[in-house]
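Q: When you get a sec, could you give me coordinates for this:
(one chain, ligands or ions: 2)
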Amino acid sequence: MADGQARPVIGIIGGSGVYGIEGLTDVEWRTIDSPFGAPSDQLMFASLNGQPLVFLPRHGRGHRISPSEVNYRANIDALKRAGVTEILSVSAVGSLKEELPPGTFVIVDQFIDRTFAREKSFYTSGCVAHVSMAHPVCSRLGDAAEAACQELGIPHKRGGTYLVMEGPQFSTKAESMLYRQWGCDVIGMTNMPEAKLAREAEMCYATVAMVTDFDCWHPDHDAVTVDAVIRVLLDNADKARSVVKTVVPKLADREGPCGCGCHTALEHALITSKDARDPEVLARLDAVAGRVL
Ligand SMILES: CSC[C@H]1O[C@H](OP(=O)(O)O)[C@H](O)[C@@H]1O
Ligand SMILES: Nc1ncnc2[nH]cnc12
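A: Ligands and ions are numbered 1, 2, ... in the order given. Sure, this is the predicted structure:
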């Protein structure tokens, strides 16, 4: 994408309930090595009406990996190595608003990151960088996700704030009430640091957050349980696959980078002077930062 000519390659990160996408052609699961460790699973390379797409199940097939233990750096690095330029995350979330009942898809545009036990940056001592996260999602990708929801008749909301908690336990009622006071719309455990790392790797990122429950704040709903989440999720997951299949062709005709600057995020972000950079740190940044190193 650096030359502005290439077509986008879409990568899908499938969350809870979305461990594969049926009905694609040329499907091949491939192991992609990353200097940041093991990605959650092999990556599925496939095509949809001639358009390439790459899929990665965030928690691994069989949902083996807890939100705190997902190797987010390896996942984003592996997707970048696979040629992906745009990442669409499909994620299960709890709702923090009455008007967002289970079954609603929220095309998130902001995050509040309350996670604390995860590696959150590719740029450690030896090569320090500070990217902007003011606008954490790509609006071109968000446009495509919104258009897909519209076409499919899925109840959806464009824009919303996703509170990312550490988990794996669900929130206390006091926490849930607090996040409502903060004006958050939905709550989940995974989209940070994912969105930060996608930005650091100069990849577009957008989230379709699929509401599965009312978390625990709602007076008329029981505390959230995995059983209840899974019930809604199975229905949501089918819709999520339809969204993916509708989004991918929408991106097929587009050329060059998005207008939001996702693909040039590192342009003014590196602060460590060239002669002070650590060669070992630089070596593992070959994929995510190769364009500017
Ligand atoms: C199974 S409910 C909790 C689980 O679901 C969400 O995961 P994902 O974002 O990967 O769909 C949530 O963040 C929790 O990890
Ligand atoms: N209520 C909730 N809290 C955190 N993550 C979730 N994923 C689905 N529902 C959730």
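Q: What is the lowest-mean-pLDDT helix or strand in the chain packed up against?
A: Using mean pLDDT, DSSP states H and E, helix 226-252 stands out as the lowest-scoring helix or strand of the chain, at a mean of 87. In terms of contacts (3 or more Cβ pairs under 8 Å, 6 or more residues apart in numbering; DSSP states H and E), helix 226-252 is packed against strand 10-14, strand 43-48, strand 51-57, strand 86-95, strand 105-107, helix 139-152, strand 204-213. (Glycine included, C-beta is placed from N, CA and C.)
Q: Could you export these as CSV, including mean pLDDT and mean neighbour count?
A: CSV is the format used below for the helices and strands packed on helix 226-252 (pLDDT from 0 to 100; neighbours: other Cβ atoms under 10 Å):
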stretch, mean pLDDT, mean neighbour count
strand 10-14, 96, 27
strand 43-48, 95, 19
strand 51-57, 95, 22
strand 86-95, 96, 27
strand 105-107, 98, 26
helix 139-152, 96, 20
strand 204-213, 97, 28
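Q: Of all those, which one is nearest ligand 1?
A: Minimum separation from ligand 1 across those (Cβ to the nearest ligand atom) falls at strand 86-95, 3.3 Å.
Q: For that closest one, enumerate the helices and strands it packs against.
A: strand 10-14, helix 139-152, strand 186-188, helix 191-200, strand 204-213, helix 226-252.
Q: is it true that residue 83 lies in a strand?
A: No. The assignment for residue 83, made by DSSP: H, G, I helix; E, B strand; the rest coil, is coil rather than a strand.
Q: who's the residue positioned nearest the centre of the chain bridged to?
A: Taking Cα atoms, centre = their mean as the criterion, residue 89 is the residue nearest the geometric centre of the chain, at 3.5 Å. Counting by DSSP bridges, residue 89 is bridged to residue 13, residue 207.
Q: Identify the residue nearest residue 46 in space, chain neighbours excluded?
A: residue 24 (3.8 Å; Cβ to Cβ, 6 or more residues apart in numbering).
Q: Any figure for the gap between the one you found and residue 200?
A: In this structure, residue 24 and residue 200 are 29 Å apart, going by Cβ to Cβ, to the nearest Å.
Q: which of those two has more neighbours?
A: Remark: of residue 24 and residue 200, residue 200 carries more neighbours, 25 against 19, as counted by other Cβ atoms under 10 Å.
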